[in-house]
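**Q** Structure for the following, please:
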Amino acid sequence: MSHARTRLFAALAATALGTAGLLSGPLAAREPTLLASQLNHDFAVGYRVAAGDKLKITVFDEAALTGEYQIGGAGELAMPLIDPIAAQGLTPKEVAAAIAAKLQAGGYVLVPRVTAEVVINRPFYILGEVKLPGEYPYSGDMTFEQSVARAGGFTPRANRSTILLRRQNWASAQRVKLDGPSLKIAPGDTITVRESFF
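**A** Predicted coordinates:
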């Protein structure tokens, strides 16, 4: 792992654990806590793309337009011939429809047939009381337990009942109680496993 990436993880961990420290005292009982079952119920149906995803775009009979394209930092998808597409939050099917509409509107392809599929998901991050904190590739239908396994398992000090979670579209991290069903992890999530206080 590069020194720059190591420093990034250290900074993320310090920020997340600093937040965890604020929540570990008497104020913690008054802080709202989300439930894993609630988050699973609200979990978006169907994958929605965001910065860091790489898509394979196929424009049938147009080899020059077919290829793999990265979603940029502002959530835009740039391709030849057309203006950038605001892809953030769209499903791959919606991205394909937006590309087809722009190609047709510009007169570049009379009847465009376009498909889009995610070939590389944006990663997730797991910090705190796991053996190998850091950045990991996301795979579909991932659970909290699977994310911990990728990070080498819990440390002996880990709190296994409540975590801090920050979704990519959340303004800040939230406390989440692991109340039974396996918490579904989303691409781009930052998970912090806090220390257990006995």
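**Q** Identify the residues contacting Asp53.
**A** 70-71, 118, 120-122, 187 (C-beta atoms under 8 Å, 6 or more residues apart in numbering). Using the backbone N, CA and C atoms, a C-beta is placed for each residue, glycine as well.
**Q** nope, Gly153 is what I meant
**A** Contacts of Gly153 (C-beta under 8 Å, 6+ apart): 130-131.
**Q** now do Asp42
**A** So Asp42 contacts nothing (C-beta under 8 Å, 6+ apart).
**Q** measure it to Arg48 for me?
**A** Asp42 sits 13 Å away from Arg48 when distances are taken as C-beta to C-beta, to the nearest Å.
**Q** what's the answer for Arg194, then?
**A** Taking C-beta to C-beta, one finds Arg194 at 28 Å from Arg48.
**Q** neighbour-wise, which of the two wins?
**A** The residue with more neighbours, out of Arg194 and Arg48, is Arg194; 24 against 19, by other C-beta atoms under 10 Å.
**Q** hang on, isn't the more buried one packed against Ser161?
**A** No. Contact between Arg194 and Ser161 fails when scored by C-beta atoms under 8 Å: they sit 10.0 Å apart.
**Q** Spatially nearest residue to Ile71, not counting backbone neighbours?
**A** Asp53 (4.7 Å; C-beta to C-beta, 6 or more residues apart in numbering).
**Q** And for Gly140?
**A** Tyr47 (7.4 Å).
**Q** Report the contact partners of that neighbour.
**A** Taking C-beta under 8 Å, 6+ apart, one finds 91-92, 118, 140, 187 in contact with Tyr47.
**Q** residue ranges for the strands of the chain, please.
**A** 33-35, 54-59, 67-70, 76-77, 85-86, 114-120, 124-128, 134-136, 158-166, 174-177, 190-195 (DSSP state E).
**Q** and Lys131, what does it touch?
**A** Lys131 touches 151-155, counting by C-beta under 8 Å, 6+ apart.
**Q** let's see it at 10 Å
**A** 148, 151-155, 158 (C-beta atoms under 10 Å, 6 or more residues apart in numbering).
**Q** what two of these are the furthest from one another?
**A** When C-beta to C-beta is used, the two most widely separated members of the contacts of Lys131 are Gly152 and Ala158, lying 11.5 Å apart.
**Q** Low-confidence ranges, the chain, go.
**A** Along the chain, the model assigns pLDDT under 70 to residues 1-32, 44-45, 198.
**Q** Walk me through the domains of it.
**A** The chain is divided into the following domains under automatic domain parsing: 3-44+122-195, 54-120.
**Q** how far is the first one from where the chain is centred?
**A** The offset between the C-alpha centroid of domain 3-44+122-195 and the centroid of the whole chain comes to 12 Å, using C-alpha atoms, centre = their mean, to the nearest Å.
**Q** Repeat that for the last one.
**A** Counting by C-alpha atoms, centre = their mean, domain 54-120 is centred 21 Å from the centre of its parent chain.
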